[in-house]
Every structure is written in C-alpha cells, then in structure tokens.
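# what follows is a protein structure lacking sequence information:
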C-alpha cells in the first residue's frame, strides 16, 4: 500500500500524515512539499521508516511510480499567501492535480481537500454542498477559489468519464497547532500579536462570521472519509464546525489571554466573505460518529499553548519566518 | 508586430484570423491549432504570406519566441465535445493559458474568449458582467465552465500582480458559417438534420432560450475590443445578441427551409441552462458603434446557404467528420 500526500508538510497535511502513520496496512508514505507554506518543523517529530519526504513542486513531481492512494493538499490556503502568488497557486492546484492523477494506479483513490471558498460570499446560510456559490472569478481571491473549483470539476469529470475513484472534501476554516505564525488568518494572527504584545488587529468591523474547526476534529473527519469508513461517496462533502462565531468574538476571547493587547480595527480585506457556515447534514449521514467535539474555546486555548511552546522556533527555523502581511490579511 | 491565435482553425478563431489579416500593421500571424474541433477547411481560403499554421496542442506549443498580441480561443465550445474529453478541455484552457502567457512579450496584449457559461444557469436575466453566476462545479458541463472561470481568474490576477495587459470577452451563443456540421448545438444540428431530411431534434420542451449572435457581428465586436478601439478596459465584457429566442422557435424557423423534417423532442440535456441573455450596457459603452446588426433570420438563412454549399466537403474532408452525438447534444 503506497500512499502519497502532496502538501504533507503543511498545517493540515502534516496532521493527515500523522493519522496515516497509524495505519498498519500502509507500506510507504511519500510526502511531497515545496515548503512554500509547509514547514519542515511540522514533520520533525516523525521517525517512521515508511516515510519519505520529497522536496518538489507538486506539478513538477518526478516519476515515483504509481500510488494506491493520493491526497492532494498542496496549496496555500491563506489570502495573503495566495494573493501574493496567484499564478503559482493555480499551478499548485490545477497542474498539481493533473500531475497526481497521472501517478494514481488504476482503481486507486484520489482525495482532495477543496474549500468552503467555492461558495464565495454565500447568499445561502448554512451552505449545503448543492449550493453553487457566489465567487467573483475575476476578483482578488479568485486564484484560490477558482483553482479549487476547477480541480473539483476535473475530478468529478475524471470520475464520470474515466471512472477514477475520488473523495472531495470542502474544508471550512480550520485552526490549531502547526498553523504558520505568519499565516495571516484571524486566530493565528491574534495569538501571535498577543504573544508579541502588539495590538490585535481586525479587518473591518469584525462582524463577519466563520465556523472555526479545530484541526484534530477536522483531520479525524478526513481520516474517516478517506479511509476509515467504508463509503464510496465521492463528495463534495462539507467538513467544518457549524458553530458560527464572529471575528470580533474570537479577538475578544484571545485577548483574555493577552490583556496587554488592545483590539484595533483596520480597513476591511477585499471581498472578505460576510459569513460562512457548513450545512453538515451530509457529513453526519456519510460519517456516522463524527462531529467537531472540541469546543472552540478549548481549541483556542490549545492553539495558544502550542504557539507559546513553539514561539522560539519561529524566527530561528529554516522556513524563513515572515511577518504577517497586514494589508491583505483576512479571515 | 507578431500575433498568435490559438484555436485559429476553429469556428470563431478562423473568422478572427480573417479580421486580423485586414491589419496593415501585422507582420506575421501564427495560427496554432490541434484540429480537435478546428478544421483545416476553415483556413483553406487563406493565401497570405504572413500566416504560419502550427499543428500543436496549445499547452504543448514549442518555443516560437515572443508575441506582441496573443488571442486564446483554443477550446471546444460545444457540450458533446467537451463532455467527451473534459480533462483535455481543462488542459487546453488552463494549461494553454499558462503556456501562452509565457509567450507574451512584456507589455503585450493577451485576449481571451471566455463564455456566458461562467454564468451557469443564471438566476438573473439579462446577465451583467458583475453577476457571479450559478455553475455546478461538479456537474457534467464543469470542465468547460470552470476552466473558463479559472483562466479568467488567472488573467485578472496576472493583471493585478504582474501588470499583464488583458482583454477578456464573455461570448454568448454564436452561430454561422464554419460551424462544424457535427458541432452538436442547436442551429447547426437543425440545419444538418434538415439537409439530411432527418427529424429536427430538440432536447426537452425547447422553451429554453438563448441569444443567438451571428458570427460576423461577434467577430466585429472582438476586433473592435481587441485592437480597433482604443480602450484598455480589461473586461470581462459580454458579447452577444441580446434578442432572446427559444430553441423551439429556432427549430420552427429552420424547418421553413426543410419542410420534410418534422420537429421531435428528446430528453433534456443535463444541466442545460433555461435561459441566457447578455446585458450589453457595458459592451455598448466600451465599443461605441458596435451592435449585432444581422437579424437572426438573415443569419440563419446565411448559415443554411453555407451548409448547403459546403455539405459535399463534410464527409470527404480530412477532419474526420463525425455524426452528432445526440445523447449529449445541447444548445
């Protein structure tokens, strides 16, 4: 059983790697990452002889033979990152998917982490998978949103025409340990600002809402959908926490741990969605037993503890720690 | 002045080539086509020493140096064609655009024919460019719709980040001479069926509407937008006829020329949009003097005359004439 994770050094990818290594049926696990937004530090704890780490752009991956399961998570997911390099983002997603389809053995499984961004700034709440979305395909978030939509199209058409086995998940906001300190999204921004005794900055009035899924719950859902539970449902499947919380409420909760940091408001981020909440009906039906079990406050406390414990490594490590890009920052 | 047209042997591409050859400032014109849906016969009339025809997939185009203007029309545009080869369709559009961006000289112009399909099955009529659309990114039309959306995203982001000069047009339904007889869309289907004394087949009740733009008017609009009129407006710009006509009315009009052919109804095509009509406010403001001047009936009569005159070539020519694929046929 040969498995490949593209983007396996990333925030979510590295947690997925940890889950995969619990499997006894797995013979080798190839992690592909170009360390653009992934970090070597996210894999430092792994000492499993089944793991091989390949430093490569996913779309330029060398021929490594064929794999039984391929999980494509290779993409930046935070607005300041993909807005700074939009063409590279499209290449990672779309060309990456084409390259990986070539590496899938006949009958193998292709798992893809799509995004709630396919819904854009939704006119329907909560968002069911059938909602077609409201994405400005010429807007500043479009490199991410449209390349994820295009890969969904590619995979569902590969399934229809070529009978490729696919599983497509639409991830809503995820937070927790291994988020880059310079990720640029709300929870990690607020925590790193608190640690540095800087003001906690909110883009706009902070009344925009998100559903904040703690990474352990989300990756548990991925493991169930991708290999633990015997469903051939191809998706798309929403995955996230359906408890909707405003950005300002997150800031206030984080601030309780950093009372020296004042909350300040900056201009709104471009095309920042006003709301986002998953309709989880299909997820609960497809994955009995799964739910987001970690309360939001517990998750934030764990994230703060992780950031405190790892703060020393952020500047020193080899990943080239960058300060958050405040102008483009967004939730 | 070096100009490249990708998809230049296609229905619209070959008409665009004719317009480009009217230009006296043009030194050489490179036509790239893989003759998938393009036809050699569409270029047979050209005997201009400035023209060079390269047979190649656009995404695999060899290094031909840099071009001052590039027009990317390399994609099938008819549902039975792109639904039969969806991954190839995505490759032509998305990888094609990436390849062509590499061939554009700094400061050069990139023109792209996007589509009204970015609006999907619209909830707003007529559709202004600001409408974000209603596309099922997992549906059977998604390879075309989503790859066009993804290329729009790529180009607008290349403009924002890299200052690439772009002009993006969203074409509504176009018909006229040089449509493939096996194109599979309504007007050409009805005419070829009439010529063969076969029944005229309509998918569904025929009450779905389209705006039918005659190719001369549409290509006149492209020429004005791309090079004739001095605007740097990047688009997206709707281009089409805003006179909305139902498919059944088209069938009845064509039937007047082929009274032996009865109109019959087949099951609806999958996810066939119920309506489609351009809001042309922006087009009229951007391109003063332009309009769809050819009445629909005149255009259909001209198309019938062209099909009659060229019928003998369809089976004999080297392009591999295929019968229409009725199950997937669609307007």
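Received, thanks. Please read these numbers as outputs of a predicted model, since none were measured by experiment.
# please count neighbours and contacts with C-alpha atoms only from this point.
OK.
# helix, strand or coil for residue A:202?
strand (DSSP: H, G, I helix; E, B strand; the rest coil).
# what's around it, how many residues?
25 (other C-alpha atoms under 10 Å in any protein chain shown).
# show me the contacts for the nearest residue to it once chain neighbours are set aside.
Nearest residue to residue A:202 in three dimensions, chain neighbours excluded: residue A:265, at 4.8 Å (C-alpha to C-alpha, 6 or more residues apart in numbering or on different chains). Residues counted as contacts of residue A:265 (C-alpha atoms under 8 Å, 6 or more residues apart in numbering or on different chains) are A:201, A:202, A:203, A:204, A:205, A:206.
# so which of these comes closest to residue A:65?
Among the contacts of residue A:265, residue A:203 lies closest to residue A:65 (C-alpha to C-alpha), at 46.0 Å.
# ok, back up a step: from the contacts of residue A:265, which would you call buried?
A:201, A:202, A:203, A:204, A:206 (16 or more other C-alpha atoms under 10 Å in any protein chain shown).
# quick revisit: chain B: which of the contacts of residue A:265 is nearest?
Of all these, residue A:203 has the smallest distance to chain B: 21.2 Å, by C-alpha to the nearest C-alpha.
# where's the residue of chain A positioned farthest from its centre, which helix or strand?
Distance from the C-alpha centroid of chain A peaks at residue A:260, with 30.5 Å (C-alpha atoms, centre = their mean). For residue A:260, there is no host helix or strand (DSSP states H and E).
# also residue A:77?
For residue A:77, there is no host helix or strand (DSSP H and E).
# so who does it touch?
With contact set as C-alpha under 8 Å, 6+ apart, residue A:77 has these partners: residue A:144.
# now render the contacts of residue A:265 as JSON lines, adding distance to residue A:212.
Putting these into JSON lines (distance: C-alpha to C-alpha, whole Å) gives the following:
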{"residue": "A:201", "distance to residue A:212": "18"}
{"residue": "A:202", "distance to residue A:212": "16"}
{"residue": "A:203", "distance to residue A:212": "17"}
{"residue": "A:204", "distance to residue A:212": "19"}
{"residue": "A:205", "distance to residue A:212": "18"}
{"residue": "A:206", "distance to residue A:212": "15"}
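# can you lay out those as CSV showing pLDDT and distance to residue B:283?
As requested, the contacts of residue A:265 are exported to CSV (pLDDT from 0 to 100; distance: C-alpha to C-alpha, whole Å):
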residue, pLDDT, distance to residue B:283
A:201, 95, 42
A:202, 95, 39
A:203, 93, 35
A:204, 93, 34
A:205, 93, 37
A:206, 94, 38
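# now for these, which pair is the farthest apart?
A:201 and A:205 (10.5 Å).
# residues of the stretch 51-200 of chain A that sit close to chain B?
Contact residues, the stretch 51-200 of chain A versus chain B (C-alpha under 8 Å from any C-alpha of the partner chain): A:84-87, A:90, A:95, A:130, A:132-140, A:142-143, A:146-147, A:149-150, A:152-154, A:156-158, A:161.
# which of those residues count as buried?
Taking 16+ other C-alpha under 10 Å as the criterion, what is buried in these is A:84-87, A:90, A:95, A:132-140, A:142-143, A:146-147, A:149-150, A:152-154, A:156-158.
# can you tell me the SS state at whichever residue of the stretch 151-300 of chain A sits closest to chain B?
Of all residues in the stretch 151-300 of chain A, residue A:153 sits closest to chain B, at 4.9 Å by C-alpha to the nearest C-alpha. Recorded secondary structure, residue A:153: helix (three-state DSSP).
# now do it, the pLDDT please.
Reported pLDDT at residue A:153 in the predicted model: 98.
# now do the domain split for chain A, please.
Following automatic domain parsing, one finds the domains of chain A at A:2-172+A:214-239, A:175-210+A:242-272+A:295-316.
# the ones you listed: lowest mean pLDDT?
Comparing mean pLDDT across the domains of chain A, the lowest value falls on domain A:175-210+A:242-272+A:295-316: a mean of 92.
# what about the helices in chain A?
Listed in chain order, the helices found in chain A under DSSP state H are A:11-20, A:79-84, A:86-90, A:96-102, A:142-162, A:186-195, A:215-223, A:247-255, A:281-286, A:296-316.
# need the winner for burial among the ones you listed.
Looking across those with neighbours counted as mean count of other C-alpha atoms under 10 Å in any protein chain shown, the highest average goes to helix A:142-162: a mean of 26.
# tell me what that one is packed against?
With contacts taken as 3 or more C-alpha pairs under 8 Å, 6 or more residues apart in numbering or on different chains; DSSP states H and E, helix A:142-162 sits against helix A:79-84, helix A:86-90, strand A:104-115, strand A:165-171, helix B:86-90, helix B:142-162.
# of those, which is nearest residue B:20?
helix B:142-162 (22.4 Å).
# contacts for that closest one?
Identification of contacts with helix B:142-162 by C-alpha under 8 Å, 6+ apart yields A:84-87, A:90, A:137-140, A:142-143, A:146-147, A:149-150, A:153-154, A:157, B:77, B:82-83, B:86-87, B:89-90, B:93-94, B:97, B:114-115, B:117-118, B:120, B:135-137, B:164-166, B:168.
# rerun at 6 Å
Helix B:142-162 has contacts (C-alpha atoms under 6 Å, 6 or more residues apart in numbering or on different chains) with A:137-138, A:142-143, A:146-147, A:150, A:153, B:86, B:90, B:94, B:114, B:117-118, B:164.
# would you turn the helices of chain A into CSV with distance to residue A:57?
Below are the helices of chain A laid out as CSV (distance: least, C-alpha to C-alpha, whole Å):
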stretch, distance to residue A:57
helix A:11-20, 15
helix A:79-84, 15
helix A:86-90, 10
helix A:96-102, 8
helix A:142-162, 16
helix A:186-195, 26
helix A:215-223, 23
helix A:247-255, 33
helix A:281-286, 32
helix A:296-316, 23
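# so how far is stretch A:60-69 from its chain's centroid?
Remark: stretch A:60-69 is offset 22 Å from the chain centroid, using C-alpha atoms, centre = their mean, to the nearest Å.
# which other residues reach that stretch?
Applying C-alpha under 6 Å, 6+ apart, the contact partners of stretch A:60-69 are A:2, A:3, A:103, A:104, A:105, A:108, A:109, A:110.
# gap between the two ends of it?
End-to-end distance of stretch A:60-69: 19 Å, with C-alpha to C-alpha, to the nearest Å as the criterion.
# so which bits of that stretch are buried?
So, applying 16+ other C-alpha under 10 Å, buried residues of stretch A:60-69: A:61, A:66, A:67, A:68, A:69.
# quick revisit: tell me which of the helices and strands packed on helix A:142-162 sits nearest to residue A:272.
Nearest to residue A:272, of those and by C-alpha to C-alpha, is helix A:79-84 at 9.5 Å.
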